[in-house]
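>>> Return a 3D structure for these sequence lines:
(3 chains)
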Amino acid sequence: MNVVAPFEGIGASVRRKEDFRFLQGRGAYTDDFNRPGQLYAWILRSPHAHARIRGIDTARAAAMPGVVAVFTGADMAADNVGGLPCGWQIHNKDGSPMAEPPHPVLAQGKVRHVGDPVAVAIAATREQARDAAEAIAVDYEVLPAAATMEAALKPGAPLIHDGAPGNLCYDWHIGDRAAVDAAFAGAKHVVRLDLVNNRLIPNAMEPRAALGEYDRSTGEYTLTTTSQNPHVIRLLMGANVLHIPESKLRVIAPDVGGGFGSKIYHYAEEAIVTWAAGRLGRPVKWTADRSESFMSDAHGRDHVSHAELALDAEGKILGLRVSTLANMGAYLSTFAPCIPTYLYATLLAGVYTTPVIYCEVKAVFTNTVPVDAYRGAGRPEATFLLERLMDVAAAETGIDRVELRQRNFIKPDQFPYQTPVALQYDSGNYHATLDQALAAADWAGFEARRAEAAKRGRLRGIGLSTYIEACGIAPSAVVGSLGARAGLYEVGTIRVHPTGSVTVLTGAHSHGQGHETTFAQLVADRLGVPISQVDVVHGDTAKVPFGMGTYGSRSLAVGGSAMMKAMDKIIAKGKRIAAHLMEASVDDIEFDRGTFRVAGTDKTKSLVDISVAAYVPHNYPIEELEPGLEETAFYDPKNFTYPAGCHIAEVEIDPETGKVAVVNFTAVDDVGRVINPMIVEGQVQGGVAQGIGQALLEACVYDAGGQLLSGSMMDYCMPRADDLPPVGVATHTTLCTHNPLGVKGCGEVGAIGSPPAVINAVVDALRDYGVRSLDMPATPAKIWQIINGGRRMAAE
Amino acid sequence: MYDFAYHRPATVADAVRLLADPDAKAIAGGHTLIPALKHRLNRPSALVDLSGIAELKGIRRQGDAIVIGALTRHVEVATSAEVKAAIPALAYLAAHIGDVQVRNRGTIGGSVSNNDPAADYPAAVLGLGATVHTSKRRIAADDFFLGMFTTALEQDEILTAVEFPIPEKAGYAKMKNPASRYVMAGAFVSKGPQGVRVAINGAGPCVFRQAEMEKALAAHWSPEAVAGIRQSPEGLNSDIHGSAEYRAHLVTVMAKRAVAAAG
Amino acid sequence: MPQVTLTVNGQTHTAEVEGRTLLVELLREKLRLTGTHVGCDTSQCGACVVHVNGESVKSCTTLAVMCEGAQVTTIEGLAKPDGTLHPMQEAFREYHALQCGFCTPGMVMSAIDLVQKHPQGLTEQQIREGLEGNLCRCTGYHNIVKAIAAAAEVMHGRRSEIARAAE
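Residues are numbered from 1 along each chain as shown, chains lettered A, B, ... in the order given. This is a model prediction of the structure:
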C-alpha cells in the first residue's frame, strides 16, 4: 500500500514547506535575533588600500556615551587570538608550498585593502557604536597600492605581504606541457585569445551579520551567523582563531538570506563578536551595512587568461594551453587557492575530447578585497574561456560553431571518460542536451528573426555554450592529496520517532535551496512517511552531529546520499525488528516505502509498528538488537559529479545606445536525477540571472589607487526584473553512476553556462563590426564604442 | 544618521521661519535627503517637514498653465488627468522617475530644489520654460538652475509650486544608468508659447539648454533636424558607466527620441 | 524624545522614537515585527517595503515621525487571523517565487500595491517594470512575475483561486 498520496516523492514538484514562514514574515534571520543585554559592534575599516598603522588611539572613542569597549588587533594579539585560516594549500610547480601570509582578525601593523577591519567599537546602540568608531584615531602611513594583478606583479611593485615576494601566492600548473607543445607544432589551426573574467560582488540580499554570546555558567560560546556551513565555522574559529573546544562552541546558521559562496568564508566579524562576548560577558551583535558588505564580503572570479587552442584541418581539437592570473585579493580566504586550480583548470577539457592540456596559474595578491567562491567558483571561468575559444575557432576555421562542437564532443559510449586534467566524468550525453536546446531555442529559425530585427533597426544575435562542471564536492582523499585541509564528506541522521514521524539532521544548509522540502521528499519516497511528518533540521552544531555545509552544489549529491545511507541502516534494522515481530527470517523481509512484508505473503508491518516496537521493546530481539530507531551515516563521495548542458541566448542590441537586451534564453541541463523539478528550474533561473548579470551588467571596479569605485548598488548594477528575459528551462537526464540517488547537482549550472552563451550572442549580433574578443560586462558604453569604432572603420 | 530636531509646520510662513537656521533642512518626500543622512553625509540640526502644509499640495489648471504644488508626489503627477491631457510628456516623465516606491513619496518641490544633475524634473522645468514659485518670488527656469546641486533658492526660501506653460507639443526621452537607474543622458523638448526649447539632463553637471538643437528644431520640427547635431563632450560627466563622448552621443539620440515622442 | 502614534496591522501603537528613527527600525526593533528586512543602504533593494496608508513605501527611507497617524501594513498583517493566506502569498508559494525568502516580504508588499493599482490587469513587461524597486538575487524574477500575474486574477475577482502552476 502506498501511503504517500498525493505523490510527494522523487520527481514531484512539491511546493515548499519553508515558504509558510518566509511569506508571513516569520523567517528567523541573524539580525532578527535580539538577546537581553545585547551590545552592538561597529567595525572601523581602513579607508586606504595599503598603509602601515603607526598607532591607534581609542581613548576618545572609549569615553563616548554608551560605549562598553573599543578593541584593536593589539588587544586580540594579547589574548592569543589566532589569524583566519586558509582551508586549502596549493603547491608551486617546484613542489614548494604556496605563500601563506598571516590573516589577522583585526589589522596588525598594516592594512591591505579598503575595508580591512582595523578596530571594533562596542556600545549599547548601533548608532553609539558607530559614533565611537568614528572617534577612533588611526595614524596611517599611506603606502603605494597595487590594485591590479598587473601592477602587483611588476618588478618593484609595493610588497603587500612580507612572506609573499613579488606578491605571488603560488605558481601552479597541471597537464603535460611537452605533449601540448608537440600537438601545437602539428596543428593546422591555432586560435589565440586573451580573456578577462570580471570580478563580481555576490551581494546576497541579506547582509552578513553575527551575534556572539557567552554563557558564564557553562563556559559555552554561541555564535549565530549568516553562514552556509556552521560546522566549518566552529572548526576553523574554534581550533585556529579563538582556541575554544568544539564542546564549548555552538554555531548556529539560522535562516540565511542567500549565500552563493560569499557566506562560506570564516570572516573576521564572526571571531570578533564571539571573542568580544566572552570578554564582556554580554551578547555582541554586528550587522553589515550594504556599502560595508561591498568592501568586506568575499568577491568572486577575477581571472586574466591567455588561451590557445590547436585544431586539425577538420576542426578536431589537438590541444589546449592556458596561462591564467588569478586574483586572491589582499588575503587568502577559506577556499580561494583551490578555485583557480582544482575547480578551474581541471575543467578545461570541457565536454570535448581534447587529448592534451596544459594550464599554468599564478595566484596574485593585490590590495583589494579577498576573493573566494561565487556561484560556480572556477567553473564559470573555465567555461567562458572554452566556449569563447570555440566560437572564435569556428570563425577562424570557417566551421559552423555548432558543428565544431559536435565534432569534438565526448560521445555517450565513451563513459567513464578520463580527461587529461585529472577528472573522470561518469556519465553524460552532450549531443542530446545540445539537440534539445537547439530545438527549444528554434536555432534553425534564427536568421529570419535577425532579418526582422534589422528592419526595426536592431542588431540581433544568437549564441550558445555547451558546458560541463564538476560539483558535488568532494572525495576527501582526492581533495586532501590536492591540498584541501578538510574532508568533504557529509552527514545525515535519520531519527524515526516512536510514533513514526521523522526528524532528519543534515550537515547541509539551506539558504534558499529548499532542503526542508526536498530532503523530506527523499524520506517520503524511501520510507513512505508523509512530508508533513518529516522535519529537516540543519544549521545548528548543537543539533546536527557534523557537516561541511552547502556550496559547490553538494547538498543532494553528498548530503542526500548520506541520508540515503542512513535510511539504508534504518531499513536494515527495521527488517530485523520486523522479522522478529512477524516470526520470519530477516532474509525473507521485503521493504517498500513504509511497509515491511514477509516475501510471498500478505503479512505486513508498517514503519510505525516498527518504530513503536523499537522504542517500547517489549516484543523485541533485545539480546541482538539495541532499542531505538535512529541511524547516522557519513558519506564520502567517490568522485565529483558532472552536470552538463547547453545554454542558448538570443540578444538584441540597440545600436544607437549600445544597450543589449536578452530577448530569449534557453537552458537544457543534465543534472542527473531530478528530485523536485520546480526547485531545479528555480535554481537554473536564478543562476542564469547571475550569469546574465556577469555578462552584461556587473563589474566590480577599483581605481589605480585601490579605491572601490563600485562601492554600492548605485554603481554596481544588480540585475532587476526588467533586465531579464523569461528563461526556458528543461532537463535531460543521465544518472550519476556513483551516488545512491544518481543526482549531479543543479545549484550552479545556471551561472556557469550562461555568460559565454550571452557573450557569444553579442559577438554574433556584432558580426558586421569584426568583433573577436569581448570582455564582460558588455555594457551599453562598451558596445557603443565597438559600433561607433566600426562605423568609422567602414567609412575610412 | 546623526540625530536632529523634527518640526512639522502647518504654514509656509512657519516653515520659512524655521529654515532661517542655516543648519536646518527642509524635507518633503525624503528620498534624496534620508539616504544622504544615512550615510552621514550631512548633519542638519533640524528637519523641517513640509508635508503638513496644505497650500503646497495640488495640481490645477490656471489659464494656459498647469500649476503643481511643491508637495505633489510623482505618482500624483503621473496619474493626473489634467497633466495627462495638457502636458502628457510631463506625466510620462513623472511616471518614470525612480521606482514605484520613490514615486509614492518623492515630490516635485524636493526634486527641483535639489537639482541633482541626474534627476528628471529639472529637464521638464527648463524644457518647458516653467516658472518656479517660491515663498518670496517667482523665478524663471532659465534663472533657476545654477550648477550641480545649486539653485537660485536662498537658505530660508522654499519652493511652493512650479507653473508649467502648456506647450503645443513636448516629449521626453532618457537613457538610464543601469545601476542607479538615474539619468545618464536625457532630453526634454517642447514647442509652445516659450518657443522651441531643448533641455538636456544627466549628461553634464547641471541641466542645460542645447541651443543648436533648439535652432534646428525651430527651423524644422523633426527628429531628423536634431539627428545630425553633435553635442560637444566638453564639460560632460565621465565615470565608470560611460565617457563624456558616450554621453555626448546619447544627448543626440535622446533628443531625437524626445522629438519623435512629442509628435 | 519625540513620540509617534501609528496603526500597524490594525493595532495602534505609541512609541518613543528619535527624530532619526527610521520606520523600519521602529517596526523591527520597537515593535519586534522582524518580517520587514533591510537589504541595502541606498534605498534600492526594496526588502523593506511596507504599505503606508495603502501605498508601497520603502520603510528604510521613511522617518517614523513622519508616519504620525498613518496606517501601516507589514507582511505580518497580510494573512487573515484564521491563517488564510493573502492570494499574493499563496501565489508566491504555488509558483516557487521565493528561495531564501529575504526579499520576499518587500516583494510581496510591492506586488500587492502594483496589482491593486492596475485593476484592468498587467502585462508581463508592466510587472517587470513595476518591480524596479525590488531586487532578488535568488530567483531570477521569472517565477515572481508568474506569481504576480496569477495573484492579480484572484485579487481582481477574475478567478476564485490561484491557478496551478504548469508542471
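
>>> nearest residue to the closest residue to chain C within chain B other than its sequence neighbours?
As assessed by C-beta to the nearest C-beta, chain C sits closest to B:Asp99 within chain B, at 3.0 Å. Quick note: C-beta positions are derived from backbone N, CA and C, even for glycine. Residue nearest to B:Asp99 in three dimensions, not counting chain neighbours: C:Gly133, with 3.0 Å by C-beta to C-beta, 6 or more residues apart in numbering or on different chains.

>>> wait, is that neighbour part of a helix?
No - counting by DSSP: H, G, I helix; E, B strand; the rest coil, C:Gly133 is not found in a helix; it is coil.

>>> Flag the shaky bits of chain C, pLDDT-wise.
Chain C contains no residues with pLDDT under 70.

>>> Give me every residue in it lying close to chain B.
C:2, C:18-20, C:22, C:41-44, C:46, C:49, C:55-58, C:60-63, C:65-66, C:68, C:110, C:113-114, C:130, C:132-134 (C-beta under 8 Å from any C-beta of the partner chain).

>>> In chain A, what residue lies closest to chain C?
For chain A, C-beta to the nearest C-beta, closest residue to chain C: A:Gly25, 1.8 Å.

>>> List the contacts of the nearest residue to that residue once chain neighbours are set aside.
Nearest residue to A:Gly25 in three dimensions, chain neighbours excluded: C:Gly35, at 1.8 Å (C-beta to C-beta, 6+ apart). Contacts for C:Gly35 (C-beta atoms under 8 Å, 6 or more residues apart in numbering or on different chains) come out as A:24-27, C:74-76, C:105.

>>> run the last query once more with 7 Å
Shown in contact with C:Gly35 (C-beta atoms under 7 Å, 6 or more residues apart in numbering or on different chains): A:25-26, C:74-76, C:105.

>>> Count the residues that sit near the residue in the stretch 501-650 of chain A that chain B sits nearest to.
Proximity of the stretch 501-650 of chain A to chain B (C-beta to the nearest C-beta) peaks at A:Ala649, 17.8 Å away. Number of residues near A:Ala649 (other C-beta atoms under 10 Å in any protein chain shown) recorded here: 35.

>>> Give me the secondary structure label for it.
Taking three-state DSSP as the rule, one finds A:Ala649 in the strand state.

>>> That one against A:Gly463, yeah?
Yes - using C-beta atoms under 7 Å, A:Ala649 is in contact with A:Gly463, at 5.4 Å.

>>> still on that earlier bit, return the set of residues that bridge with the residue of the stretch 501-650 of chain A closest to chain B.
With DSSP bridges applied, A:Ala649 shows beta-bridge pairing to A:Gly463, A:Phe665.

>>> List the contacts of it.
A:Ala649 sits next to A:463, A:662, A:665, A:754, A:757-758, A:761 when contact means C-beta under 7 Å, 6+ apart.

>>> Test my guess that the residue nearest to B:Asp99 contacts C:Gly46.
Yes - in terms of C-beta under 7 Å, C:Gly133 counts as a neighbour of C:Gly46; the distance is 4.7 Å.

>>> Could you check which of those two is surrounded by more residues?
C:Gly46 (29 against 24).

>>> The more buried one and C:Gly130 touch, don't they?
No - counting by C-beta under 7 Å, C:Gly46 stays clear of C:Gly130, with 11.1 Å between them.

>>> what is the rounded mean pLDDT of the longest helix anywhere in chain A?
Identified as the longest helix of chain A according to DSSP state H is helix A:561-582. Averaged across helix A:561-582, pLDDT comes to 97.

>>> what packs against that helix?
On a contact count with 3 or more C-beta pairs under 7 Å, 6 or more residues apart in numbering or on different chains; DSSP states H and E, helix A:561-582 meets strand A:490-496, helix A:515-527, strand A:589-592, strand A:595-598, strand A:604-606, helix A:607-615, strand A:630-635.

>>> ok, now with 6 Å
strand A:490-496, strand A:589-592, helix A:607-615, strand A:630-635 (3 or more C-beta pairs under 6 Å, 6 or more residues apart in numbering or on different chains; DSSP states H and E).

>>> for it, which positions count as buried?
The neighbour-count check on helix A:561-582 (16 or more other C-beta atoms under 10 Å in any protein chain shown) flags A:561-567, A:570-571, A:573-575, A:577-582 as buried.

>>> How about stretch A:28-37?
Going by neighbour count (16+ other C-beta under 10 Å), the buried part of stretch A:28-37 is A:29-33, A:35.

>>> who's A:Asp654 bridged to?
Counting by DSSP bridges, the residues bridging with A:Asp654 are A:Lys659.

>>> just to revisit the earlier point, including secondary structure, distance to A:Leu153 and pLDDT, could the buried residues of stretch A:28-37 go into a markdown table?
Below are those laid out as a markdown table (DSSP: H, G, I helix; E, B strand; the rest coil; distance: C-beta to C-beta, whole Å; pLDDT from 0 to 100):
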| residue | secondary structure | distance to A:Leu153 | pLDDT |
| --- | --- | --- | --- |
| A:Tyr29 | strand | 41 | 98 |
| A:Thr30 | helix | 39 | 98 |
| A:Asp31 | helix | 40 | 98 |
| A:Asp32 | helix | 45 | 98 |
| A:Phe33 | coil | 45 | 98 |
| A:Arg35 | coil | 48 | 97 |
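
>>> List the buried residues for the helix or strand where A:Tyr358 lies?
According to DSSP states H and E, A:Tyr358 maps onto strand A:357-365. Buried residues in strand A:357-365, counted by 16+ other C-beta under 10 Å: A:357-365.

>>> Need the CA coordinates for that strand. CSV is fine.
Taking Å, rounded to 0.1, in the frame of the first residue of the first chain, the C-alpha atoms of strand A:357-365 are listed here in CSV:
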residue,chain,number,x,y,z
ILE,A,357,46.0,20.1,-22.0
TYR,A,358,48.5,22.3,-20.1
CYS,A,359,47.4,25.1,-17.7
GLU,A,360,49.5,27.3,-15.5
VAL,A,361,48.0,29.6,-12.9
LYS,A,362,49.7,32.3,-11.0
ALA,A,363,47.7,33.4,-7.9
VAL,A,364,48.4,37.0,-7.1
PHE,A,365,47.9,39.2,-4.0
